[in-house]
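S.K.: model the following, please.
(one chain, ligands or ions: 1)
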Amino acid sequence: MSWFKRDKSTGAPVVPGNGERKVRTEGLWQKCEGCRQIIWKKDLEVNASVCPKCGHHFRIDAVARLRMLLDGEIEFYDRDLVSADPLGFVDSKPYDERLAAMQQSTGLSDAVVSAAGLLDGRRVQICAMDIRFIGGSMGCVVGEKITRAIERAIAERSPLIVISASGGARMQEGAVSLMQMAKISAGLMRLDEARLPYISVLTDPTTGGVTASFAMLGDLNIAEPGALIGFAGPRVIEQTIRQKLPEGFQRSEFLLKHGMLDAVVPRPEMKPYLSQALKFFLG
Ligand SMILES: [Zn+2]
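M.R.: Residues are numbered from 1 along each chain as shown. Okay, the predicted model is just below:
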């Protein structure tokens with residue numbers, strides 16, 4: 001038995017004598033993983049989900065990212081493309097059930113959203129990965145959607161931008177997911193032959209087969225500050241080479257220092273940066 005009345009559907013406390021008004025104590029504040037301070041969510045929203053106190057970049061979903069970069073209307077593509085579960089894979093639960101649950105909770109068909117629109121008045125083909133969908137893993141749908149985006153870019157002579165956020169290949173699709181690395185890479189070669197620019201934006205985290213293929217194949221490879229970027233995890237590497245890894249290993253700034261990235265760009269500056277870069281490539 002509770003000391004106060006709760007709203008039946010949400011569980012939120014109800015102010016006595018006023019059934020309409022609910023006391024909202026949660027959901028307004030967020031603890032920053034960077035500086036451990038409590039931030040007002042509104043402050044976070046107006047600052048592109050970057051902590052106003054320490055600059056920590058919170059993870060954001062694919063559609064929010066597209067909204068941040070495109071001028072106005074977003075044209076979405078291939079929204080109904082879903083995996084056919086080629087292996088009939090079962091781990092802790094059947095893959096088709098896992099997919100259905102993910103589709104339900106995220107409202108997405110798979111781990112990438114592909115779209116087109118104007119970026120500072122210039123038409124671009126753009127794909128954004130969503131880490132919420134099975135860890136942003138790359139299976140046949142991600143491979144097909146990015147390949148189709150490349151083909152559209154070639155057909156309409158637009159530049160291509162891909163924003164990665166991924167745990168790597170999708171193990172539930174086995175070799176089929178690994179084939180996507182070759183498929184997308186071959187597509188990117190055709191884009192290069194058509195002399196159209198491809199900009200890869202790496203966000204936290206970008207790992208495994210995504211790093212090992214299209215995320216590192218940009219004419220420009222740029223990352224958000226503090227993003228985890230690598231192929232294998234640090235523990236696996238330490239065990240393999242039997243050495244302690246240096247401080248900041250596999251973070252954007254470390255990779256920039258060692259020549260693996262072209263730039264580290266804070267999220268609020270990402271759109272003007274991309275606009276400048278495309279101007280440089282295309283005039
Ligand atoms: Zn912070």
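S.K.: remind me, longest helix of the chain?
M.R.: Counting by DSSP state H, the longest helix found in the chain is helix 174-193.
S.K.: list the buried residues in that one.
M.R.: If you call a residue buried by 16 or more other Cβ atoms under 10 Å, then helix 174-193 has these buried ones: V176, S177, L178, Q180, M181, K183, I184, G187, L188, L191. All C-beta spots, glycine's among them, are computed from the backbone N, C-alpha and C.
S.K.: got a list of what the last one touches?
M.R.: Taking Cβ atoms under 8 Å, 6 or more residues apart in numbering as the contact definition, L191 lies against I150, A153, I154, L160, Y198.
S.K.: one more time with 10 Å
M.R.: Counting by Cβ atoms under 10 Å, 6 or more residues apart in numbering, L191 makes contact with Q125, A149, I150, E151, A153, I154, P159, L160, P197, Y198, L217, D219.
S.K.: in these, find the pair that's most separated.
M.R.: For the contacts of L191, the farthest-apart pair by Cβ to Cβ is E151 and D219; their separation is 17.9 Å.
S.K.: higher neighbour count, those two?
M.R.: Using other Cβ atoms under 10 Å as the criterion, E151 and D219 rank with D219 on top: 18 against 14.
S.K.: find the nearest non-adjacent residue to the more buried one, please.
M.R.: P197 (4.9 Å; Cβ to Cβ, 6 or more residues apart in numbering).
S.K.: now A116
M.R.: E75 (4.7 Å).
S.K.: residues of this protein that sit close to the ion?
M.R.: Residues of the chain lying near the ion by Cβ under 5 Å from the ion: C32, G34, C35, C51, K53, C54, H56.
S.K.: could I get those residues as a markdown table with neighbour count?
M.R.: Shown next, in a markdown table, are these (neighbours: other Cβ atoms under 10 Å):
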| residue | neighbour count |
| --- | --- |
| C32 | 18 |
| G34 | 16 |
| C35 | 13 |
| C51 | 19 |
| K53 | 14 |
| C54 | 14 |
| H56 | 20 |
